[in-house]
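Student: Below are the sequence and a predicted model for it; my questions follow.
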Amino acid sequence: MTDTVFAAVPGPSPVVDAGSLLHGLRDGVPRTRAELSRAIGMSRSTITGWIDQLMDAGLVAPFGDAASTGGRPSSQFAFRPGAYVVLAADLGASHIRLAVTDLAGGVLAEQREEIDIATGPEVVLAALERIGGELLHEAGRGHADLVGVGIGVPGPVEFATGQPVNPPIMPGWDRFDIKAHVASAFDVPVVVDNDVNVMALGERTIAWPEVEDLLFVKVATGIGAGIIAGGDLRRGASGAAGDIGHAPLSRRSDVLCACGNRGCLEAVASGRAIAAELRHHGIGATGSREVVELVKSANVDAIQAVRQAGRDIGEILTLCVTLLNPAVIVIGGSMAQVAEHLVAGVREVVYARSIPLSTEHLTIAPARTSDDAAIAGASRLATDAALSPSRLGALLMRR
């Protein structure tokens, strides 16, 4: 096992140094003081001091002894994910799903409730806070155990502030201070991001932990992408990175999109657009759910429409492959339920039109996390924030 998971120590701050040690241990592999010392480049006595602090906070615990090479076996230490919990929230167009997880993303309690995002932030966030409190009780944990909240929302987000920016399906949410509202209820750090970014993080955390460059494409009522490059989410200058749903297609350039432009990918290849195309041919479908049902019932027209949508998505992804050179492209969202046809269309175009060097080791696959990506990603966002150097000092002081 390499020690590349250990972050370089940028300065002399004890909290930063303790954070570097903790970051390395979060992979779940027990290590001795000597191994930790070599990985971080600090003395064993310094390492011992950090371990003592982290053990006092409950974040690290002894984990048996290492195999002896002669003499007394060395003690090992490991991350203790059950020390605290976070609240992970997935806000959808018509639902809210919440879970209490440990610091490794293990779900302790969860609940889903139908609620229209268009009812506004006050109503939806009141439900989030109510359900969150219920889940903490169900998991047998108190507010003192909670160290962070991660939230994914179905619209563009200015990540620095956590505020939605002109979200098309979220009336009343523009520039609403979600972080402050939720923090006032739980008194912990709150992180808010676009749902596709959250799903990308969750998919990578669960299914592709060794992959540094991954593109997650959500195909549902809309289309968007989450970009992970060099192991980190890339949000862009204003949080709009990955908004491929409004990239122009050469085919069907006459189709009007909700954004006001014509020929957008979302207006041609989303679940809603596929349903509209099928209705044009006399086949009853109002949205993604009906399209999926038609494909599963072997409706030839629906299968062909989904395959063509995959080709259209592939046209845009060909440009993404040229620009970003990802190792993995994951197709998720509600339309991934018929991924064999959707992914086939994507592969057909991407592999044919991209340069061989970009696709030699490229994997294009359906999402492996199903509905769990958003919760896993929100949990990871909250945990990363809670254990960051800027927050770790306060956490160490708790005990």
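Tutor: Perfect, thanks for sending it. Remember, it's a predicted structure, so these values are computed and weren't measured experimentally. Numbering: from 1, shown residues only.
Student: Which positions within stretch 169-188 qualify as buried?
Tutor: 169-170, 173, 176, 178-179, 181-182, 185-186, 188 (16 or more other CB atoms under 10 Å). C-beta here means a position set from N, CA and C on the backbone, and glycine is covered the same way.
Student: same question, stretch 388-395
Tutor: In stretch 388-395, counting by 16+ other CB under 10 Å, buried: 388-389, 391-392, 395.
Student: Distance from stretch 152-170 to the middle of the chain?
Tutor: Stretch 152-170 sits 15 Å away from the centroid of its parent chain (CA atoms, centre = their mean, to the nearest Å).
Student: Show me the contact partners of that stretch.
Tutor: Contacts with stretch 152-170, where a contact means CB atoms under 8 Å, 6 or more residues apart in numbering, come from 89-93, 117-118, 151, 173-179, 190-195, 197-199, 235, 238-240, 243, 258-259, 374, 377-378.
Student: Identify the residues contacting the closest residue to Cys264 other than its chain neighbours.
Tutor: Distance criterion CB to CB, 6 or more residues apart in numbering; nearest residue to Cys264, sequence neighbours excluded, is Cys257 at 3.8 Å. Contact analysis of Cys257 by CB under 8 Å, 6+ apart lists 246, 263-264, 266-267.
Student: Can you show me the CA trace of stretch 223-240 as PDB?
Tutor: Provided in PDB are the C-alpha atoms of stretch 223-240 (Å, rounded to 0.1, in the frame of the first residue of the first chain):
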ATOM      1  CA  ILE A 223     -28.700  16.600 -18.700                       C
ATOM      2  CA  GLY A 224     -25.600  17.700 -16.800                       C
ATOM      3  CA  ALA A 225     -22.100  16.500 -16.000                       C
ATOM      4  CA  GLY A 226     -19.900  16.400 -12.900                       C
ATOM      5  CA  ILE A 227     -16.200  16.700 -13.600                       C
ATOM      6  CA  ILE A 228     -13.500  15.100 -11.400                       C
ATOM      7  CA  ALA A 229     -10.000  15.900 -12.500                       C
ATOM      8  CA  GLY A 230      -6.900  15.000 -10.600                       C
ATOM      9  CA  GLY A 231      -9.100  13.500  -7.900                       C
ATOM     10  CA  ASP A 232     -11.000  16.800  -7.200                       C
ATOM     11  CA  LEU A 233     -14.300  18.200  -8.300                       C
ATOM     12  CA  ARG A 234     -13.900  21.000 -10.900                       C
ATOM     13  CA  ARG A 235     -16.700  23.500 -10.600                       C
ATOM     14  CA  GLY A 236     -15.300  26.300 -12.800                       C
ATOM     15  CA  ALA A 237     -15.100  30.000 -12.200                       C
ATOM     16  CA  SER A 238     -18.700  30.500 -11.300                       C
ATOM     17  CA  GLY A 239     -19.900  26.900 -10.600                       C
ATOM     18  CA  ALA A 240     -21.200  26.300 -14.200                       C
END
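Student: Flag every buried residue along that stretch.
Tutor: For stretch 223-240, a neighbour-count test (16+ other CB under 10 Å) marks 223-228, 233, 235, 239 as buried.
Student: List just the nearest of those residues to Leu22.
Tutor: Taking CB to CB as the measure, Leu22 lies nearest Leu233 of the buried residues of stretch 223-240, at 20.4 Å.
Student: hang on, the closest one packs against Ala200?
Tutor: Yes: under the criterion of CB atoms under 8 Å, Leu233 makes contact with Ala200 at 6.8 Å.
Student: Within the helices and strands, which one has Thr161?
Tutor: Using DSSP states H and E, Thr161 sits within no helix or strand.
Student: from here on, count from 32
Tutor: Done: numbering now begins at 32, and the last item shifts to Thr192.
Student: any idea how far it is from Val221?
Tutor: Separation of Thr192 from Val221 (CB to CB, to the nearest Å): 11 Å.
Student: Quick check: what element follows the lowest-mean-pLDDT helix or strand in the chain along the chain?
Tutor: Ranked by mean pLDDT, DSSP states H and E, the weakest helix or strand in the chain is helix 45-56, scoring a mean of 73. Moving toward the C-terminus from helix 45-56, the next helix or strand (DSSP H and E) is strand 62-63.
Student: what pairs with that next one, and is each one parallel or antiparallel?
Tutor: Sheet pairing here is set by DSSP bridges, and for strand 62-63 it gives strand 106-110 (antiparallel).
Student: what residues does the strand it pairs with touch?
Tutor: When contacts are defined by CB under 8 Å, 6+ apart, strand 106-110 is touched by residues 53, 56-64, 67, 82, 86, 90-97, 134-135.
Student: again, only this time at 7 Å
Tutor: Strand 106-110 has contacts (CB atoms under 7 Å, 6 or more residues apart in numbering) with 56-57, 59, 61-63, 82, 90-97.
Student: next helix or strand past that strand?
Tutor: Following strand 106-110 in sequence, per DSSP H and E, is strand 116-122.
Student: Which helix or strand lies directly C-terminal to that following strand?
Tutor: Following strand 116-122 in sequence, per DSSP H and E, is strand 126-133.
Student: quick one: contacts of the helix or strand following that next one?
Tutor: Sequence-wise, the next helix or strand downstream of strand 126-133 (DSSP H and E) is strand 138-145. Contact partners of strand 138-145, identified using CB under 7 Å, 6+ apart, comprise 116, 125-133, 158, 162, 166, 169-170.
Student: at 10 Å what do you get?
Tutor: Strand 138-145 has contacts (CB atoms under 10 Å, 6 or more residues apart in numbering) with 113, 116, 119, 121, 123, 125-133, 158-159, 161-163, 165-172, 402-403, 406-407, 410.
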